[in-house]
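>>> Below are the sequence and a predicted model for it; my questions follow.
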Amino acid sequence: MAGQKVILVGVDGSAEANTAVDWAAARAKLDNSLVHVVCTYALASYSAAALDSGYAALDDEALQQGAQRAVDGAVERLRNQGVEEVTGSTEPGDAAGVLVQMSSEVDMIVVGSRGGGGFADRLLGTVSSALPAHSKCPVVVVPKHTSGSPFWPIERIVVGVDGSEVAHVAFEKAVQEAILWDAKLDAVAAVPMATGAGMLAWLPATIDRDALYKEMEGELADATAEVVGDRDVKLKQHVIDGAPAQLLTEFSTAVDLVVVGTRGRGGFKGLLLGSTSQTVLSHSTCPVMVVPSERRKEAPSPTHSWERA
């Protein structure tokens, strides 16, 4: 199994988790990745649905049994969809903390995201918000399914490019995913609409917009040449007026995957998840992949040895 890629899916027995499982199944079959399913059994994760029903006093054994049922159901679901290699485990602890700890062992993490504002939604929503900020590998957050069409196969991907190192790494990952899915790729650079106290630090107070457009078009072209190279990618470049988060959220209605870095240009030092990534995660209508900056494109994939089943 040396060199085989591993996709980790966090589940909790919910319909949203099942959607994440289905997305992971489609992705795994593209490159024969192993899929490992994990469910934690701390009160802050799996038992949230039970808390909404008034069953707060669940002992550890009952919680673990419930988590195991969630894992078993997800494993069966993956196998029924043709995923060849599937393993699963239950882990004690906070869901986000466990997944972050495991993120250094895998190539990708997939989780579902809930909506609606209920108590369980707030509790489970912490996983899909905290995990991307701290994960050592790309995290795909699959939103609540609101239409009849599935989130796969991926036919079109959009990536935000702002000249930062984080965005550069995200661009590389977006290219890899576009090649794997045989998808079209849109690389988007946002031109702020106005200057002022709230504007990004890198934007001059007084600007020539035509010159700015040309500069950003040149930077995007250079980034594309560096990242794509001679690989065959169906790519379009866009330099558009607007805030990055707003543009990417608008693109999410027309694409199948949004790719962003954890923190872009203008982010405060030490801020783990930038405002653009946070906003896109909250409002995107399609899955969002958040790519950390730690893994450079020249770094080899880790060798995995999974013995959790």
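Thanks, I have it.
>>> which stretch of helix or strand covers Val111?
strand 108-112 (DSSP states H and E).
>>> List of residues touching that strand?
Contact with strand 108-112 is made by 5-10, 14, 16-21, 23-24, 27, 33, 99, 102-103, 127-128, 131, 135, 137-144, as judged by C-beta atoms under 8 Å, 6 or more residues apart in numbering. The C-beta positions use only the backbone N, C-alpha and C, and glycine is treated the same way.
>>> From these, keep the buried residues only.
Those of the contacts of strand 108-112 that meet the buried threshold are 5-10, 14, 16-21, 23-24, 27, 33, 99, 102-103, 127-128, 131, 135, 137-143, by 16 or more other C-beta atoms under 10 Å.
>>> taking those one by one, which sit in helices?
Within the buried ones among the contacts of strand 108-112, residues falling in helices by DSSP state H are 16-21, 23-24, 27, 99, 102, 127-128, 131.
>>> Please parse this protein into its domains.
Taking automatic domain parsing as the reference, the chain has its domains at 6-142, 156-286.
>>> Give the closest residue to Val255 in space, chain neighbours not counted.
Nearest non-adjacent residue to Val255, counting by C-beta to C-beta, 6 or more residues apart in numbering: Arg156, 4.3 Å away.
>>> what helices or strands is the helix or strand hosting Tyr213 leaning on?
Assessed by DSSP H and E, Tyr213 sits inside helix 209-228. Applying 3 or more C-beta pairs under 8 Å, 6 or more residues apart in numbering; DSSP states H and E, one finds that helix 209-228 contacts helix 165-181, strand 184-191, strand 234-241.
>>> Any chance of TSV for the ones you listed, columns mean neighbour count?
Rendered in TSV, the data for the helices and strands packed on helix 209-228 read as follows (neighbours: other C-beta atoms under 10 Å):
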stretch	mean neighbour count
helix 165-181	21
strand 184-191	22
strand 234-241	15
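>>> Columns distance to Arg209 and mean pLDDT on top of these, output as JSON lines?
Compiled in JSON lines, the helices and strands packed on helix 209-228 are given as follows (distance: least, C-beta to C-beta, whole Å; pLDDT from 0 to 100):
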{"stretch": "helix 165-181", "distance to Arg209": "22", "mean pLDDT": "95"}
{"stretch": "strand 184-191", "distance to Arg209": "8", "mean pLDDT": "95"}
{"stretch": "strand 234-241", "distance to Arg209": "9", "mean pLDDT": "96"}
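>>> Same list (the ones you listed) but as JSON lines, adding distance to Val111.
Output for those, formatted as JSON lines (distance: least, C-beta to C-beta, whole Å):
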{"stretch": "helix 165-181", "distance to Val111": "17"}
{"stretch": "strand 184-191", "distance to Val111": "24"}
{"stretch": "strand 234-241", "distance to Val111": "28"}
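>>> And Pro143, how far from Pro287?
The spacing between Pro143 and Pro287, counted by C-beta to C-beta, to the nearest Å, is 7 Å.
>>> right, so the domains of the chain: which one is the most enclosed?
Comparing the domains of the chain by mean neighbour count (mean count of other C-beta atoms under 10 Å), domain 6-142 ranks first with a mean of 20.
>>> mean confidence for that domain?
For domain 6-142, the mean pLDDT works out to 83.
>>> before we move on, what about stretch 245-259?
Throughout stretch 245-259, pLDDT has a mean value of 95.
>>> now that stretch: how far from the chain's centre is it?
Its chain's C-alpha centre and that of stretch 245-259 lie 13 Å apart, by C-alpha atoms, centre = their mean, to the nearest Å.
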